[in-house]
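**Q** Structure of the sequence below:
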Amino acid sequence: MPDNSLMVSNITQLRELVRMIAERQNTQQRVLQVSAYLFNSFGIEAGSNAQIAAALGISPGNLTYHFKKKSDLITAHMAVFERRLKAVITKLPRHSSAKQFTAAYLDLLELTLGYRFLFLGANYILRNELVPVERYQRLVAVLKRTYIGHFNQLIAEGHMQPIKRPYSVRMLVDSIWWRWLGWLNSMQIASRGKGSPDRKLLSEAVLQVFSLNQQYVDPKFFRAIQLELQDIKRQEPDPQQDLLRLLQGLRDTE
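**A** Numbers count the residues shown, from 1 in each chain. Below you'll find the model as predicted:
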């Protein structure tokens, strides 16, 4: 049995740490936090400077002091996302057990979920030239290369069959990418204004995404991934882990 008193103590300490870091954040960091929430909840095109300023309780002029244009704000979000993506990629396991693979996918998809406005709002971002198209293309390319590398690793370890021509790992990754964007869009509609889907829904998304390459995957490995995801879905919400993820998000904007 876990020591409940220790757990409460840890959660209390975490909450205090989150509160202290949130209070220490400057206006620019708070703008990033609040604007990401608004963009994710209502769409990037709906989040005006006036709405962001009102949510923060500051004047539009104060917001403009830190981010003169919407393009400045989106560029700042891109920089934070790129930094966090690099950290997640660095932690991807070199050898994939079902448990490691599932955890790595959850981390990667959870990160893109947290910045889904950058992907669901791609047309708006590029049409209004909020970021250079070359930078956006590089970002998507990095994500796809990460998937390709991971699948090639699974093939090398015998967890997946080699994909024969005219098909390829790249084509499989493109299919997964479009499936993931579709899931993000469906979640955006279902949870509009209600925040992010929880980790249980995210585990379902991982299974949906991974099912695209089921025909290539060793049945035992695929079944092991299913069991890992089912275990995650059965778990009760963990306040301590939620606070740790919130804490990481706060630190990443520093």
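
**Q** OK, contacts around the residue positioned nearest the centre of the chain?
**A** The residue lying closest to the centre of the chain (CA atoms, centre = their mean) is residue 111, at 1.7 Å. Listed by CB atoms under 8 Å, 6 or more residues apart in numbering, the contact partners of residue 111 are 81, 84-85, 88. Placement of C-beta: from N, CA and C, glycine included.

**Q** Next one: it relative to residue 118, how far apart?
**A** Going from residue 111 to residue 118 by CB to CB, to the nearest Å gives 11 Å.

**Q** Residue 82 versus the residue nearest to the centre of the chain, what's the distance?
**A** From residue 111 to residue 82 the distance is 11 Å (CB to CB).

**Q** give me the low-pLDDT residue ranges for the stretch 151-254 of the chain?
**A** Scanning the stretch 151-254 of the chain for pLDDT under 70 picks out 191-198, 236-254.

**Q** In it, what residue spans correspond to helices?
**A** Taking DSSP state H, counting those that start in this stretch to define them, one finds helices in the stretch 151-254 of the chain at 169-190, 199-210, 219-234, 239-252.

**Q** Deepest in the core, which of those helices is it.
**A** Among these, helix 199-210 has the highest mean neighbour count (mean count of other CB atoms under 10 Å), at a mean of 18.

**Q** now that helix and helix 169-190, what's the angle there?
**A** Between the axes of helix 199-210 and helix 169-190, defined by axes from the mean of the first three to the mean of the last three CA atoms, to 10 degrees, the angle is 150 degrees.

**Q** Residues in contact with helix 199-210: which ones?
**A** The contact list for helix 199-210 (CB under 8 Å, 6+ apart) reads 102, 105-106, 109-110, 113, 176, 179-180, 183, 187, 197, 217, 222, 225-226, 229, 232-233, 235.

**Q** Just give me the closest of the contacts of residue 111 to residue 211.
**A** Each of those was checked against residue 211 using CB to CB; the closest is residue 88, at 22.3 Å.

**Q** Report the contact partners of that closest one.
**A** Residue 88 makes contact with 107-108, 111, according to CB under 8 Å, 6+ apart.

**Q** Check the spacing between it and residue 174 real quick.
**A** Distance, residue 88 to residue 174, using CB to CB: 21 Å.

**Q** Give me the neighbour count for residue 31.
**A** Neighbourhood size, residue 31 [other CB atoms under 10 Å]: 24.

**Q** With the one 10 residues further on instead?
**A** Neighbouring residues of residue 41 were enumerated by other CB under 10 Å; the total is 17.

**Q** any idea how far it lies from residue 156?
**A** Residue 41 sits 41 Å away from residue 156, going by CB to CB.

**Q** Could you do residue 47 as well?
**A** For residue 47, the distance to residue 156 - CB to CB - is 43 Å.
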